[in-house]
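Novice: With the sequence up front, the predicted model follows.
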Amino acid sequence: MAVILDGKSLAQKIKDQLKQEVEEYIKKGLRKPALAVILVGNDPASEVYVRNKRESCSYVGINSLFFHLSEDTTQEELLELIGKLNGDEDVDGILVQLPLPSHISTSEIIDAINPKKDVDGFHPINIGKLATGQDDGIIPCTPLGIWIMLKHYKIDILKKDVVIVGASNIVGKPMSLLFLKNEDSTVTICHRNTKDLAKHTKNAEILIVAVGKPNLITADMVKEGVVVIDVGINRLENGKLVGDTDFENIKEKASAITPVPGGVGPMTVASLLINTISIYRQKMGFSKHPLTEV
Ligand code: GUN
């Protein structure tokens, strides 16, 4: 039976630690850290994610400034807001919730965010720093959360065969860069058009799945003892929330696995808080946050 990697309780521990840390800054007479959150339109899933992020900010003492813009906001209007926030000394981080409406260019919006305020770590400068092993960039929240979880559970990464299914800019690509940066692991990236997916997943000692397709990975596609990190969040017709893997059957075969919900999701939010506080710390003349050391 697999160890269940409990992201929910680990994220709560981190949030409690960050809350104490922020209290210390306030005691020193410093202002609160501040995160600007921009949501364009009314996508119900995005609204839930944003609410979650803002509640977590409030819990740890981060001031979250919310900009809820209408679906028909123009790209120019959004760029103008980002420009203002870039220039606001009291705003530490800027988060634009994705996906954006189709009339707005996601890459042009991400490019416009000051890389030093890019809490999501999506800006090409931050991705480039991760790719070239420069330690002063910002690491995207989901890969950072997964990394912290693997370290917390003392999962051996050294020289492992890591297979990542899903090659998105948000998860798959930066996750692969994080593994390559570190422990001599061998990384394979698969995606929705990979020819024989099982051939690759069966080889994985660590399997990370971030596609958004329920039951994509079944027990016959993994080997005994694998560590499975399921990033998928899918709502079934019956209302149940599931990941991309067949959790019930794979947990009999794996050495460790993340549940959905309660695995990677809460760690992504915890990492957003860590990144915000890390940016704040550097602005206040402290070192970057130790939890961002990877
Ligand atoms: N949409 C889905 N995941 C994310 C994320 O991590 N950050 C942002 N900004 N939007 C998202």
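Specialist: Received the coordinates, thanks.

Novice: can we go C-alpha only for contacts and neighbour counts from here?
Specialist: OK.

Novice: tell me the secondary structure for Ile109?
Specialist: Assigned with DSSP: H, G, I helix; E, B strand; the rest coil, Ile109 falls in the helix class.

Novice: For it, give me its contacts.
Specialist: When contacts are counted by C-alpha atoms under 8 Å, 6 or more residues apart in numbering, Ile109 touches Gln75, Leu78, Leu79.

Novice: Out of those, list just those in helices.
Specialist: Of the contacts of Ile109, the ones assigned to helices by DSSP state H are Gln75, Leu78, Leu79.

Novice: Let me have these in TSV, adding neighbour count as columns.
Specialist: Listed next are the ones in helices among the contacts of Ile109 as TSV, based on neighbours: other C-alpha atoms under 10 Å:
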residue	neighbour count
Gln75	16
Leu78	17
Leu79	16
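
Novice: that's a strand at Ala36, yeah?
Specialist: Yes: under three-state DSSP, Ala36 falls within a strand.

Novice: returning to what we had before: any idea which of the ones in helices among the contacts of Ile109 is closest to the ligand?
Specialist: Of all these, the one with the least separation from the ligand (C-alpha to the nearest ligand atom) is Leu78, at 14.1 Å.

Novice: Enumerate every residue touching the closest one.
Specialist: Shown in contact with Leu78 (C-alpha under 8 Å, 6+ apart): Ile109.

Novice: Contact partners for the residue nearest to Met267 when sequence neighbours are not counted?
Specialist: Leaving out its chain neighbours, the residue that sits closest to Met267 by C-alpha to C-alpha, 6 or more residues apart in numbering is Gly145, at 4.7 Å. Residues near Gly145 by C-alpha under 8 Å, 6+ apart: Val264, Met267, Thr268, Ala270, Ser271.

Novice: Same check on Ala210?
Specialist: By C-alpha under 8 Å, 6+ apart, the contact list for Ala210 reads Ile164, Val165, Gly166, Val171, Gly172, Asp230, Val231, Gly232, Asp244.
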